[in-house]
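Asks: Give the three-dimensional model of this entry:
(chains A and B)
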Amino acid sequence: DIMLTQSPATLSVTPGESISLSCRASQSISTNLHWYQQKPNESPRVLIRYASQTISGIPSRFSGSGSGTDFTLNINRVEPEDFSVYYCQQSNGWPRTFGSGTKLEIK
Amino acid sequence: EVQLQQSGPELQRPGASVKLSCKASGYTFTEYYMYWVKQRPKQSLEFIGRIDPEDGSTDYVEKFKNKATLTADTSSNTAYMQLSSLTSEDTATYFCAMGIDYWGQGVMVTVSS
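Replies: Next up, the predicted model:
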């Protein structure tokens, strides 16, 4: 199975800062990588599809990049509502897998 | 509008079984896999398996092969997951998901004596 390693596990930032979250795959997955945000007691919400595809209704401050094994989610000027947990997921065949998540917290 | 409506919370005894449902609407049920995902408290997400509603074929993650059974009823556009021989390790929230974008609201299963 393909393992996804997310870093850092926790990131403490001040609103208004710009940040990057990392997701590394154990083997090449092309651009079959998606980013989710999950708030407490909610379902995950997709932010970025296929590494860099933006989604209607998702704020433009979220962007993604990468291919192969290294991927990045960028948040330009973090807003208060962005403090939550972020997961990456790969869909390069079966089984699909998730990373362990990055918790974005207020400094 | 695509919607996945899951059944309500469950409290079950160890050793029991439980069947969860996920009713789909807003798209053609038979055209997309339905996935099931487990999330233990304060933990990450993990896939359990998927079902092709068109023909009922299933794929499971190895660790769930003797735990979960996926089925689908095309007459009611509903996917089901049965969990057997419940233990405290099965206490979790279970989501159904279609594709990348669409998720049910999740159902909390608590296993306790």
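
Asks: residues contacting the closest residue to chain A within chain B?
Replies: The minimum distance from chain B to chain A, using Cβ to the nearest Cβ, falls at residue B:103 (4.0 Å). Any C-beta I mention is one placed from the backbone N, CA and C, and that applies to glycine too. By Cβ atoms under 8 Å, 6 or more residues apart in numbering or on different chains, the contact list for residue B:103 reads A:43, A:44, A:45, B:4, B:95, B:96, B:97.

Asks: can you count the residues close to whichever residue of chain A sits closest to chain B?
Replies: Of all residues in chain A, residue A:43 sits closest to chain B, at 4.0 Å by Cβ to the nearest Cβ. A count of nearby residues for residue A:43, using other Cβ atoms under 10 Å in any protein chain shown, gives 20.

Asks: do the same with residue A:15
Replies: 13.

Asks: Report the beta-bridge partners for the closest residue to residue A:60 other than its chain neighbours.
Replies: Distances taken as Cβ to Cβ, 6 or more residues apart in numbering or on different chains place residue A:54 nearest to residue A:60, at 7.4 Å, with adjacent residues excluded. Beta bridges link residue A:54 to residue A:48, judged by DSSP bridges.

Asks: Would you agree residue A:54 is in contact with residue A:63?
Replies: Yes - taking contacts as Cβ atoms under 8 Å, residue A:54 lies within contact range of residue A:63: 7.2 Å.

Asks: list the residues that contact both of those two?
Replies: Shared contacts of residue A:54 and residue A:63, defined by Cβ under 8 Å, 6+ apart, comprise residue A:48.

Asks: Name the residue in those two with the higher neighbour count.
Replies: Higher neighbour count among residue A:54 and residue A:63: residue A:63, with 17 against 14, using other Cβ under 10 Å.

Asks: ok, back up a step: farthest-apart pair in the contacts of residue B:103, please.
Replies: A:45 and B:96 (15.3 Å; Cβ to Cβ).

Asks: ok, the two, which is more surrounded?
Replies: residue B:96 (30 against 16).

Asks: one step back: from residue A:61, how far out is the residue nearest to residue A:60?
Replies: 11 Å (Cβ to Cβ, to the nearest Å).

Asks: For chain B, what lies in contact range of chain A?
Replies: Residues of chain B found near chain A (Cβ under 8 Å from any Cβ of the partner chain) are B:35, B:44-47, B:50, B:59, B:61, B:95, B:100-101, B:103-106.

Asks: show me where the chain has strands.
Replies: Picking chain A for this. Along chain A, counting by DSSP state E, strands occupy A:4-7, A:10-13, A:19-25, A:33-38, A:45-49, A:53-54, A:62-67, A:70-75, A:85-90, A:97-98, A:102-106.

Asks: wait, chain B
Replies: Per DSSP E, chain B carries strands over the ranges B:3-6, B:10-12, B:18-25, B:34-39, B:45-51, B:58-60, B:68-73, B:78-83, B:92-98, B:102-103, B:107-111.

Asks: I'd like to check the angle between the fourth one and strand B:18-25, please.
Replies: Translated: strand B:34-39. Relative orientation of strand B:34-39 and strand B:18-25, computed by axes from the mean of the first three to the mean of the last three Cα atoms, to 10 degrees: 130 degrees.

Asks: Count the residues that sit near residue A:102.
Replies: Residue A:102: 21 neighbours (other Cβ under 10 Å).

Asks: which residues sit in contact with it?
Replies: Each residue near residue A:102 by Cβ under 8 Å, 6+ apart is listed here: A:6, A:7, A:8, A:9, A:10, A:11, A:21, A:85, A:86, A:87.
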